[in-house]
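In: take a look and give me a structure for this.
(one chain, ligands or ions: 3)
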Amino acid sequence: MDVALKIWRYDPDSGERELRHFEVEAPEWACLLDVLDIVKDQVDGTLAYRKSCRMMICGSCGMRMDGRAVLACKERMKPIVERGHVPVVSAMGNMPVLKDLVVDMQPFWTKIRTMKPWLDTGYEEVPEHGEFIHSQEEMNPIHKEALCIMCGCCVSECNSMESDPEFFGPAALAKGFRFVGDPRDRTKIERLERYNDEHGIWDCTRCYFCNERCPKGVDPRDAIAKLGAESIRVGIDRDMGAKHAKWFVHSAKTTGWLRETELVPKTQGVAAAIKETKFALNLFKHGKVPLPFPPHVAKNVQEARALHELVGAQGRDGAAGIVQGERALARIEHTEHGGVQRDAPAVTPGEPTPHAEG
Ligand code: SF4
Ligand code: SF4
Ligand code: FES
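Out: Ligands and ions are numbered 1, 2, ... in the order given. From the prediction side, this is the model:
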């Protein structure tokens with residue numbers, strides 16, 4: 001098949017960027033990485049990009065196609081060619097570009113390292129009674145986070161990192177939950193304290209772009225939600241984000257509504273609320289907020305309370321209460337034949353496996 005694509009080139013010596021058009025012949029099974037190989041082999045040997053495994057394992061070939069992060073070795077070109085589309089390929093976002101499609105991953109690795117990405121079992125030598133055996137059920141809660149291949153696609157798309165490059169970011173925080181949720185690790189509280197620092201979990205804007213673009217189904221936003229829920233469960237709730245989340249729950253349980261007028265005093269404190277009095281009065285004048293007293297209580301508030309009690313009775317506090325992305329909204333992928341298929345792992349972390357139920 002004849003493949004056309006445009007590539008954003010970047011020359012680090014001159015600092016110039018240029019959008020170059022390429023057309024090559026490629027086999028029908030070719031993925032984006034194969035096409036780049038053909039371009040480099042037959043048209044322009046100076047084209048720079050990263051690759052290694054060619055089978056979605058090493059995480060080297062992250063880049064953007066039409067403005068969204070992809071693994072070049074995962075993207076089939078045939079459907080794109082059949083649509084007559086000419087994709088634009090560029091380097092990943094949120095990381096400095098070194099040359100063409102190659103970015104500097106140093107900031108990425110620095111953040112991964114701050115997560116202390118290794119098991120801390122609390123002992124240095126194997127205890128006398130030998131190994132500790134853990135069941136599949138115990139390991140299921142970190143099944144998805146353990147799938148991360150460190151490609152950086154989520155970081156590339158992260159809105160929070162775009163405004164605050166210091167934000168720990170989706171990949172590092174997913175790595176953090178991989179150890180917080182590991183029953184063998186003994187430093188959970190210490191880790192959660194660290195992840196609750198400035199630039200930590202509560203700085204996520206919940207845009208879900210990381211879930212959307214992760215090529216391995218890690219769903220980093222869900223990992224961040226689990227870290228938040230686990231922090232609150234163990235009493236680490238100093239951040240405004242944690243207070244905000246707690247107020248949402250309390251408000252929904254007691255009235256069936258979100259009492260927005262009380263959000264500021266409950267999350268930022270009374271002093272901050274007083275400073276916002278003029279703004280609040282203006283909102284009230286224009287009918288944007290109701291009076292806080294008496295609080296509006298939903299007619300069927302008992303339904304909200306019953307739901308709260310049900311979740312409590314299920315023991316789903318902390319990370320276990322976070323509904324996984326593939327459950328909340330099945331990941332839909334369009335097939336080559338025009339239909340759709342659901343792309344979800346067979347095992348849902350936190351839930352018993354069919355084997356265990358049997
Ligand atoms: S959900 Fe949070 S971590 Fe994920 S891309 Fe958006 S801001 Fe970044
Ligand atoms: S979470 Fe997904 S997108 Fe992010 S680095 Fe890991 S595999 Fe890549
Ligand atoms: S080359 Fe290894 S993930 Fe693409």
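In: quick one: buried residues of stretch 161-178?
Out: If you call a residue buried by 16 or more other Cβ atoms under 10 Å, then stretch 161-178 has these buried ones: 161, 167-178. C-beta: built from backbone N, CA, C; applies to glycine.
In: save these as JSON lines, and put in distance to ligand 3 too.
Out: Listed next are these as JSON lines, based on distance: Cβ to the nearest ligand atom, whole Å:
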{"residue": "161", "distance to ligand 3": "21"}
{"residue": "167", "distance to ligand 3": "25"}
{"residue": "168", "distance to ligand 3": "23"}
{"residue": "169", "distance to ligand 3": "19"}
{"residue": "170", "distance to ligand 3": "18"}
{"residue": "171", "distance to ligand 3": "14"}
{"residue": "172", "distance to ligand 3": "19"}
{"residue": "173", "distance to ligand 3": "21"}
{"residue": "174", "distance to ligand 3": "17"}
{"residue": "175", "distance to ligand 3": "17"}
{"residue": "176", "distance to ligand 3": "23"}
{"residue": "177", "distance to ligand 3": "22"}
{"residue": "178", "distance to ligand 3": "19"}
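In: which members of those are the farthest-apart pair?
Out: 161 and 178 (19.5 Å; Cβ to Cβ).
In: for burial, what's the neighbour tally of residue 146?
Out: Other residues within reach of residue 146, judged by other Cβ atoms under 10 Å, total 14.
In: does it touch residue 178 like I think?
Out: Yes. Using Cβ atoms under 8 Å, residue 146 is in contact with residue 178, at 5.7 Å.
In: about what we covered before: out of the buried residues of stretch 161-178, who's nearest residue 154?
Out: Distances from residue 154 to the buried residues of stretch 161-178, taken by Cβ to Cβ, are shortest for residue 170, at 4.0 Å.
In: that closest one and residue 222 touch, don't they?
Out: No. With contact defined as Cβ under 8 Å, residue 170 does not reach residue 222; the gap is 10.1 Å.
In: look at the closest residue to residue 187 other than its chain neighbours and give its secondary structure.
Out: Excluding the flanking residues, the one nearest residue 187 by Cβ to Cβ, 6 or more residues apart in numbering is residue 120, at 4.4 Å. Under DSSP: H, G, I helix; E, B strand; the rest coil, residue 120 falls in the coil class.
In: what is the neighbour count of residue 120?
Out: Residue 120 has 15 neighbouring residues, counting by other Cβ under 10 Å.
In: residue contacts, it?
Out: By Cβ atoms under 8 Å, 6 or more residues apart in numbering, the contact list for residue 120 reads 179, 185-187.
In: can you tell me how far the residue nearest to residue 153 when sequence neighbours are not counted is from residue 162?
Out: Leaving out its chain neighbours, the residue that sits closest to residue 153 by Cβ to Cβ, 6+ apart is residue 69, at 3.7 Å. Going from residue 69 to residue 162 by Cβ to Cβ, to the nearest Å gives 13 Å.
In: try residue 193
Out: With Cβ to Cβ as the criterion, residue 193 and residue 162 are 27 Å apart.
In: which helices and strands sit right next to the helix or strand hosting residue 190?
Out: If you go by DSSP states H and E, residue 190 is part of helix 188-195. On a contact count with 3 or more Cβ pairs under 8 Å, 6 or more residues apart in numbering; DSSP states H and E, helix 188-195 meets helix 170-180, helix 220-233.
In: what do you get if the cut-off is 6 Å, keeping everything else the same?
Out: Contact partners of helix 188-195 among helices and strands, from 3 or more Cβ pairs under 6 Å, 6 or more residues apart in numbering; DSSP states H and E: helix 170-180.
In: relative to helix 188-195, how tilted is the helix it packs on?
Out: On the basis of axes from the mean of the first three to the mean of the last three Cα atoms, to 10 degrees, helix 170-180 is oriented at 160 degrees to helix 188-195.
In: elements contacting helix 170-180?
Out: Using 3+ Cβ pairs under 6 Å, 6+ apart: helix 170-180 touches helix 106-114, helix 153-157, helix 188-195, helix 220-233.
In: contacts for the following helix or strand past the second one?
Out: Think helix 153-157. Reading on from helix 153-157 to the C-terminus, the next helix or strand found by DSSP H and E is helix 159-163. With Cβ atoms under 6 Å, 6 or more residues apart in numbering as the test, helix 159-163 has contacts from 94, 167, 169, 203-205, 207.
In: hmm, helix 159-163 in reach of ligand 1?
Out: Yes. With Cβ under 6 Å from any ligand atom as the measure, helix 159-163 is seen reaching ligand 1 through 159-160.
In: from the chain's centroid, how far away is that helix?
Out: 13 Å (Cα atoms, centre = their mean, to the nearest Å).
In: quick one: buried residues of the longest helix along the chain?
Out: Assignment by DSSP state H gives helix 240-255 as the longest helix of the chain. Of all the residues in helix 240-255, those buried under the rule 16+ other Cβ under 10 Å are 241-243, 245, 247, 251-252, 255.
In: which pair in those residues spans the largest distance?
Out: Greatest spatial distance among the buried residues of helix 240-255 (Cβ to Cβ): 241 and 255, at 21.7 Å.
In: so for residue 197, what's the pLDDT?
Out: Residue 197 is assigned a pLDDT of 94 by the prediction.
In: and it, how many residues sit next to it?
Out: Neighbours of residue 197 under the rule other Cβ under 10 Å: 14.
In: kindly report the same for the one 5 residues further on.
Out: Residue 202 has 21 neighbouring residues, counting by other Cβ under 10 Å.
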